[in-house]
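Asks: how would this look folded up:
(2 chains)
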Amino acid sequence: MSNAAPSNAPVVVRFAPSPTGYLHIGGARTALFNWLYAKAKGGRFLLRIEDTDRERNSPEAVAAILDGLTWLGLDWDGEPVSQYERADRHREAAEKLLTDGNAYRCYLTQEQLAALREAAEADKRPFRVDSPWRDCDPADAPSDAPFAIRLRAPKDGETVIRDHVQGEVTFANKDLDDLIILRSDGSPTYNLAVVVDDHDMGITHVIRGVDHLTNAARQAQIYSLLGWPVPEWAHVPLIHGPDGAKLSKRHGALGAQAYREMGYLPVAMRNYLVRLGWSHGDDEIISTEQLIEWFDIEAINKAPARFDIHKLEALNGHWIRASGDDELFDSLVHLLPHLADGDAVAKAFAAGAGPKMRALVPAMKERSKTLLDFIDGAKFLWAKRPLELDEKAEKLLDDAARDMIAKLVPNFEHLPNWSAEPLEAKVRDFAEAQNLKLGKVAQPLRAALTGTTVSPPIFDVMAVLGEEETLNRLRDAAR
RNA sequence: GUCCCGUUCGUCUAGUGGUCAGGACGCUAGCCUCUCACGCUGGAAACACGGGUUCGACUCCCGUACGGGACGCCA
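Replies: Residues are numbered from 1 along each chain as shown, chains lettered A, B, ... in the order given. Presented below is the predicted three-dimensional model:
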């Protein structure tokens, strides 16, 4: 590529979402790839909001996208650029193309275009705009009719995209028609705006979804006619839903924030997302620091990947276990405002369950796949007496079990040190004396103290619940 | 329809002409164990199909099938 930007220039990449909704998972991965590449190469990661379509612009969407990026830990350099605010500069470029003879005024109306399109379809011909105004004498142009400005794209030859992911992709120029660069209302269109902005922002590498590949060909033509060097391209494959179809809002294409609400950790999201299409040998669990060291666009493959929530969950479990206890508890507390029932939990935390939850974190992180599991698994902490028993617990606490608890309770009275170890010793002694296996005692205790048959280690539960609450719950269950 | 791209266990992937085709998630049999997890040890599970090229193809070439993307005065 003779006119490419020098490869030793400092890397500048960008993420350029259009503000039509939240940051979806595919966009999040594109942003992650860009961010990682910038970090890996010591470059800059810029943000540009592609808001040239005023009808689909929304400040809420911009806020949601920035919030999603922030949550994922993808920080950007400088202020986000508004494409719309650069419209004058885009028009300037269009004027230059016009005066250089590389673009022309096209007076074709929407109706005429629709008719041409229909005619092409009727003949089963691929539709290509072939404007009669491309080569007409300027003197024949109407003086007052509205016009759009079209690029005078080459009709022969081919446009080659040398792509770091897709390889060399060749488009015949006859398949690429004269695209509109300035609408009849004077506003710039996407492809022109992207080229001008990427050029002005000094973007060296364009990393984006492969759905932009044909745009790359069109943009390459604009670059060429403007006399500018093209950036390095990397068109990454799309993410599909579990059924192999395009990821849509119906299945899986949730906003990044939805994953926050499901209790996923940003570090796990980054780890999971990057492995969708990128790999480093057999490595699966990769810290962000390691990603920054290893990431490169050359190792991205071309095939699309399906989104698999199970693997995300497994990775999340790993990163939960790898997190510090205080850090996890902190994440949990900060998650509450984003949860539907978070208010109630926050109140319970404030009323005393908070410190108990914190004390249980080491035990619970071994058995939690998401932050939500912490809450689900610790509800017994703030449950009111007498406890409601679930079906299995009810069955477990039969008459014999209740008798046993009645016999066991006195062993806990007047313990000098109410903590897990002495409690366990007491229970073990009791089990031995009664000639029972430990489980035969522990399970009824669990049912009586938590109302369920599944919980963190029961002696930790007793310790955290405290002497008074533990004895009260046990007496509730005893006969 | 036209153009472009893809196809290794169910899923994510390693692989770059000679491997018992490896790992991870999931599934599964055990071990550990106060439950559930974690951890550990095993197991089942894949090169879409057909032609070439080659002493030899998962690896290279062509075709077929299937899948995806793009075909706006949207981005």
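Asks: Which parts of the stretch 151-300 of chain A are helices?
Replies: A:190-200, A:213-226, A:256-261, A:266-274, A:288-294 (DSSP state H, counting those that start in this stretch).
Asks: Adding distance to residue A:134 and mean pLDDT, write these out as JSON lines.
Replies: Every C-beta, even on glycine, is put in place using the N, C-alpha and C of the backbone. Formatted as JSON lines, the entries for the helices of the stretch 151-300 of chain A read as follows, by distance: least, CB to CB, whole Å; pLDDT from 0 to 100:
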{"stretch": "helix A:190-200", "distance to residue A:134": "17", "mean pLDDT": "97"}
{"stretch": "helix A:213-226", "distance to residue A:134": "14", "mean pLDDT": "97"}
{"stretch": "helix A:256-261", "distance to residue A:134": "44", "mean pLDDT": "94"}
{"stretch": "helix A:266-274", "distance to residue A:134": "45", "mean pLDDT": "98"}
{"stretch": "helix A:288-294", "distance to residue A:134": "49", "mean pLDDT": "97"}
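Asks: Tell me which of these sits nearest to residue A:58.
Replies: Comparing those against residue A:58 with CB to CB, the closest turns out to be helix A:256-261 (15.7 Å).
Asks: Least confident secondary structure element in chain A?
Replies: Ranked by mean pLDDT, DSSP states H and E, the weakest helix or strand in chain A is helix A:110-122, scoring a mean of 85.
Asks: quick one: contacts of it?
Replies: Judged by CB atoms under 8 Å, 6 or more residues apart in numbering, the contacts made with helix A:110-122 from elsewhere in the structure are A:108, A:126, A:127, A:128, A:129.
Asks: Out of the residues you listed, which is nearest to residue A:50?
Replies: Proximity of the contacts of helix A:110-122 to residue A:50 (CB to CB) peaks at residue A:129, which lies at 23.3 Å.
Asks: doesn't that closest one fall inside a helix?
Replies: No - judged by DSSP: H, G, I helix; E, B strand; the rest coil, residue A:129 forms no part of a helix; its state is coil.
Asks: What is the neighbour count of the closest residue in space to it that isn't next to it in sequence?
Replies: In space, and not counting its chain neighbours, residue A:129 is closest to residue A:177: 4.4 Å by CB to CB, 6 or more residues apart in numbering. Other residues within reach of residue A:177 by the criterion other CB atoms under 10 Å amount to 18.
Asks: Kindly report the same for residue A:199.
Replies: For residue A:199, the number of neighbouring residues by other CB under 10 Å comes to 18.
Asks: can I assume it is in contact with residue A:230?
Replies: No - with contacts counted by CB atoms under 8 Å, residue A:199 stays clear of residue A:230, the gap being 9.5 Å.
Asks: Common neighbours of these two, please.
Replies: Listed contacts common to residue A:199 and residue A:230 are residue A:223; contacts here mean CB under 8 Å, 6+ apart.
Asks: Determine if any part of the longest helix along chain A is in contact with RNA strand B.
Replies: Across chain A, the helix with the greatest residue count (assigned by DSSP state H) is helix A:25-41. No - shown here: helix A:25-41 not in contact with RNA strand B (CB under 7 Å from any atom of the strand), separated by at least 10.1 Å.
Asks: Would you convert the helices of the stretch 151-300 of chain A into TSV that also reports distance to RNA strand B?
Replies: Output for the helices of the stretch 151-300 of chain A, formatted as TSV (distance: least, CB to the nearest atom of the strand, whole Å):
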stretch	distance to RNA strand B
helix A:190-200	3
helix A:213-226	3
helix A:256-261	16
helix A:266-274	8
helix A:288-294	12
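Asks: can you put the ones you listed in JSON lines and add distance to residue A:408?
Replies: What follows is these, written out as JSON lines (distance: least, CB to CB, whole Å):
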{"stretch": "helix A:190-200", "distance to residue A:408": "73"}
{"stretch": "helix A:213-226", "distance to residue A:408": "70"}
{"stretch": "helix A:256-261", "distance to residue A:408": "41"}
{"stretch": "helix A:266-274", "distance to residue A:408": "41"}
{"stretch": "helix A:288-294", "distance to residue A:408": "49"}
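Asks: so which of these gets nearest residue A:328?
Replies: Closest approach to residue A:328 among the helices of the stretch 151-300 of chain A is made by helix A:266-274 (11.7 Å; CB to CB).
Asks: Output the closest one as PDB, restricted to C-alpha atoms.
Replies: C-alpha atoms of helix A:266-274 as PDB (Å, rounded to 0.1, in the frame of the first residue of the first chain):
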ATOM      1  CA  PRO A 266     -15.900  -5.700  34.000                       C
ATOM      2  CA  VAL A 267     -12.600  -7.700  34.100                       C
ATOM      3  CA  ALA A 268     -14.600 -10.900  33.200                       C
ATOM      4  CA  MET A 269     -16.400  -9.100  30.400                       C
ATOM      5  CA  ARG A 270     -13.100  -7.900  28.900                       C
ATOM      6  CA  ASN A 271     -11.700 -11.400  29.200                       C
ATOM      7  CA  TYR A 272     -14.700 -13.000  27.600                       C
ATOM      8  CA  LEU A 273     -15.300 -10.500  24.900                       C
ATOM      9  CA  VAL A 274     -11.700 -10.400  23.700                       C
END
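Asks: what angle separates it from helix A:25-41?
Replies: 100 degrees (axes from the mean of the first three to the mean of the last three CA atoms, to 10 degrees).
Asks: Enumerate every residue touching residue A:105.
Replies: For residue A:105, the residues meeting the contact criterion (CB under 8 Å, 6+ apart) are A:98, A:133, A:141, A:147, A:148, A:149.
Asks: Quick check: it is in a strand.
Replies: Yes - residue state for residue A:105 (three-state DSSP) corresponds to a strand.
Asks: what separates it from RNA strand B, distance-wise?
Replies: From residue A:105 over to RNA strand B the distance is 10 Å, taken as CB to the nearest atom of the strand, to the nearest Å.
Asks: Residue A:326 now?
Replies: Residue A:326 sits at a distance of 20 Å from RNA strand B (criterion: CB to the nearest atom of the strand).
Asks: and what of residue A:48?
Replies: Using CB to the nearest atom of the strand, which is the criterion applied here, residue A:48 is 9 Å from RNA strand B.
Asks: what's the answer for residue A:160, then?
Replies: Computed as CB to the nearest atom of the strand, the residue A:160 to RNA strand B distance reads 10 Å.
Asks: before we move on, the earlier item: what's the first helix or strand after the longest helix of chain A?
Replies: Scanning forward in sequence from helix A:25-41 by DSSP states H and E, the next helix or strand is strand A:44-49.
Asks: could you give the angle of that following strand to helix A:25-41?
Replies: With the same axes, to 10 degrees as the basis, strand A:44-49 and helix A:25-41 are set at 150 degrees to each other.
Asks: How about residues contacting strand A:44-49?
Replies: Contact with strand A:44-49 is made by A:10-19, A:34-35, A:38-39, A:62, A:65-66, A:69, A:74-78, A:80-83, A:197, A:201, A:203, as judged by CB under 8 Å, 6+ apart.
Asks: Show me which positions of that strand end up buried.
Replies: Going by neighbour count (16 or more other CB atoms under 10 Å), the buried part of strand A:44-49 is A:44, A:45, A:46, A:47, A:48, A:49.
Asks: I'd say the residue nearest to residue A:129 and residue A:134 touch.
Replies: No - with contacts defined as CB under 8 Å, residue A:177 does not count as touching residue A:134, sitting 10.1 Å away.
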